[in-house]
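**Student:** Next one to model:
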Amino acid sequence: MLYRNRYRIARGALWALLLLAALVLQGTVCNRLPLLGVSPLLLPVAAVCTAMMGSAEFGAAIGLAGGLLGYLGGGAAALFIPLLCLAGALAGGLCSQYFTRSLLPALLLSLMTLLLCELPVWALRCYLGHAPISALLRVVLPETVYSLLYTPLLYLLSWRISFIRRS
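**Tutor:** Numbers count the residues shown, from 1 in each chain. As a prediction, this is how the structure comes out:
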């Protein structure tokens, strides 16, 4: 049984390494290279690019893994866990039913994911008085655009992993 599933296991391990690498790069390298005072969020983009390669259930599992990884890694709010799970399920479901698995849907779904993950956290921080309303224009929007610049690379890596011999 293990012999028949070895390629599925290899793909899963490589996608897990992609998420882990995105988290490590986001926390170490990208924090040292801010653009306009913001750093990119690589983990949500990597999670949605990986979630596009499967079904809605696969996307939800990848989103949950990415959200937990980001929270336990200290780089994300706890609210990212259910939001990234929802974004992964949407990305997987939309790509398996309506979209093709190409770069343009990856960009659109990455934009959706980044806004879905960042806007509620920003609204909660504004409500609690920890962030001004102007942080939307100074932080959230530039961070979203900066994160979208990494989508082609992360999509290409995830797409290439999906072509490991399918059984």
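
**Student:** Where does the prediction get shaky in this structure?
**Tutor:** Within the chain, the stretches with pLDDT under 70 are 1-4, 75, 166-167.

**Student:** Centre-most residue in it?
**Tutor:** Most central in the chain under CA atoms, centre = their mean is P44, positioned 1.9 Å from the mean C-alpha point.

**Student:** so where do the helices sit in this protein?
**Tutor:** In the chain, the helices defined using DSSP state H lie at 6-27, 42-51, 56-72, 80-97, 103-128, 135, 141-148, 151-162.

**Student:** Which one, of the ones you listed, ends up nearest to L36?
**Tutor:** Smallest distance to L36 across the helices of the chain (CB to CB): 4.9 Å, for helix 141-148. The way it works is simple: take the backbone N, C-alpha and C, and place the C-beta from them, glycine included.

**Student:** Residues contacting that closest one, please?
**Tutor:** 35-42, 44-45, 107, 110-111, 114-115, 118 (CB atoms under 8 Å, 6 or more residues apart in numbering).

**Student:** re earlier: so of the helices of the chain, which one's packed in deepest?
**Tutor:** Stretch with highest mean neighbour count among the helices of the chain: helix 42-51 (a mean of 31; mean count of other CB atoms under 10 Å).

**Student:** how far is it from where the chain is centred?
**Tutor:** 3 Å (CA atoms, centre = their mean, to the nearest Å).

**Student:** Return the list of helices and strands in contact with it.
**Tutor:** Here helix 42-51 touches helix 6-27, helix 56-72, helix 80-97, helix 103-128, helix 141-148, helix 151-162, going by 3 or more CB pairs under 8 Å, 6 or more residues apart in numbering; DSSP states H and E.

**Student:** Reformat these into TSV and put distance to C49 next to each item.
**Tutor:** Converted to TSV, those look like this (distance: least, CB to CB, whole Å):
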stretch	distance to C49
helix 6-27	8
helix 56-72	10
helix 80-97	8
helix 103-128	6
helix 141-148	12
helix 151-162	4
